[in-house]
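[1] Sequence unavailable; structure follows:
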């Protein structure tokens, strides 16, 4: 059998389920769905969808039809919304044949869907983020009149901030839902849930908070860490005082040091921004990153952990809110950048 890689992304299933239940409670009269696009933000869409299905989740959101295909046999296709809608006639036909719901974002996509005699669909309304979606004026187009609309969606641009755009988008979304006169309503992402009942509609769409992210202060203390990147110590070395470590010797040992070379690098999503800033954790101790992160390797300080040796595992210090503040990356990037060499 092929040996396991020296990298693994451990998923705390209990924390994931806790986060979904808590977000479901915070959604009030609405029910919480789950954004599982981008391979469930890098954590494994099949595994995450199965866990959330068993926890009671009934609404799943992906970006592309290819992502929906991964969920065949895992969840009911009628519970999966494909956010970007069909990009071609062939794709529309595949979505219709397999019973998924496309989120239609334009008149052109409505035409594709109608040409397939497609059934239930969702509609995306642009209320101010100016990406994809119908304008308020387009909602009166006759082509939309007899569509079997399950959910009317929009997307908040600044939910994590105290921005006047939030209230404006909520008002536009409510007006759009009233104008269509049918379908459930969905607006709030993770941070949007905390804006209150006026933003909840019938279905909320948490993403980052499911996976351990804390996008706004109101969610502090509510969300548990889910993802734990771990790597093997490949080699232990003794470095003499005055010797440089890594590319360009950006770290020079101030004393004789015991260091470990870890099987983790920027090819795995542990990016060079962690150079001289990041740390691994083992036995309650923090093991600082020394020098520059390489493509496949990172060097850490083992001076205070004589018990660690080659073959032992260490865990990246990766609690998303603090990791984002330290690295300069967003909490979303921290997860979605984690590479395919991790076993999950």
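    The structure has been received and is ready for your questions. Everything numeric here is computed off the predicted structure, so don't read it as measured data.
[2] Tell me the secondary structure of residue 54, please.
    Following DSSP: H, G, I helix; E, B strand; the rest coil, we place residue 54 in the helix state.
[3] count of neighbours near it?
    By the criterion of other Cβ atoms under 10 Å, residue 54 has 9 neighbours. For the C-beta atoms, the positions are set from N, CA and C on the backbone; glycine is no exception.
[4] I'd like the distance between it and residue 22.
    17 Å (Cβ to Cβ, to the nearest Å).
[5] can you check residue 134 too?
    Taking Cβ to Cβ, one finds residue 134 at 33 Å from residue 22.
[6] Also residue 217?
    16 Å.
[7] which of the two has more neighbours?
    More crowded of residue 217 and residue 22, by other Cβ under 10 Å: residue 22, with 19 against 12.
[8] tell me the SS of the more buried one?
    helix.
[9] got a pLDDT number for it?
    pLDDT recorded at residue 22 is 98.
[10] tally of neighbours for the closest residue in space to it that isn't next to it in sequence?
    Nearest residue to residue 22 in three dimensions, chain neighbours excluded: residue 222, at 5.5 Å (Cβ to Cβ, 6 or more residues apart in numbering). Counted with other Cβ under 10 Å, the neighbours of residue 222 add up to 16.
[11] before we move on, which element is residue 222 in?
    For residue 222, there is no helix or strand it lies in under DSSP states H and E.
[12] Who are the contact partners of the residue nearest to residue 30 when sequence neighbours are not counted?
    Computed as Cβ to Cβ, 6+ apart, the closest residue to residue 30 that is not its neighbour in sequence is residue 200, at 3.9 Å. Residue 200 is in contact with 27, 28, 29, 30, 187, 188, 193, counting by Cβ atoms under 8 Å, 6 or more residues apart in numbering.
[13] What is the nearest of those residues to residue 324?
    residue 193 (19.5 Å; Cβ to Cβ).
[14] Quick one: residues contacting that closest one.
    Neighbouring residues of residue 193 by Cβ under 8 Å, 6+ apart: 23, 26, 27, 32, 199, 200, 204, 206, 209.
[15] quick one, phi psi at it?
    Main-chain dihedrals, residue 193, degrees, to the nearest 10: phi -60, psi -40.
[16] Which positions in stretch 77-94 come out as buried?
    Buried residues in stretch 77-94, counted by 16 or more other Cβ atoms under 10 Å: 77, 79-86, 91-94.
[17] Which two among those residues are spaced furthest apart?
    Farthest-apart pair in those is 79 and 93; separation 20.5 Å (Cβ to Cβ).
[18] Grab the most central residue of this structure for me.
    residue 41 (3.0 Å; Cα atoms, centre = their mean).
[19] That one: what's it in contact with?
    35, 207, 208, 210, 211, 332, 335, 336.
[20] if I read this right, residue 31 contacts residue 202, doesn't it?
    Yes. Residue 31 lies in contact with residue 202 (Cβ atoms under 8 Å); the separation is 7.3 Å.
[21] those strands in the stretch 151-300 of the chain, which residues are they?
    All strands of the stretch 151-300 of the chain, identified by DSSP state E, counting those that start in this stretch, fall at 184-186, 203-204, 227-239, 244-245, 251-252, 257-262, 279-282, 285-290, 298-301.
[22] Redo those as CSV? Include mean pLDDT, mean neighbour count and distance to residue 326.
    Below are these laid out as CSV (pLDDT from 0 to 100; neighbours: other Cβ atoms under 10 Å; distance: least, Cβ to Cβ, whole Å):
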stretch, mean pLDDT, mean neighbour count, distance to residue 326
strand 184-186, 98, 22, 34
strand 203-204, 98, 24, 29
strand 227-239, 98, 19, 15
strand 244-245, 98, 17, 20
strand 251-252, 98, 18, 17
strand 257-262, 98, 22, 18
strand 279-282, 98, 20, 9
strand 285-290, 98, 20, 11
strand 298-301, 98, 25, 15
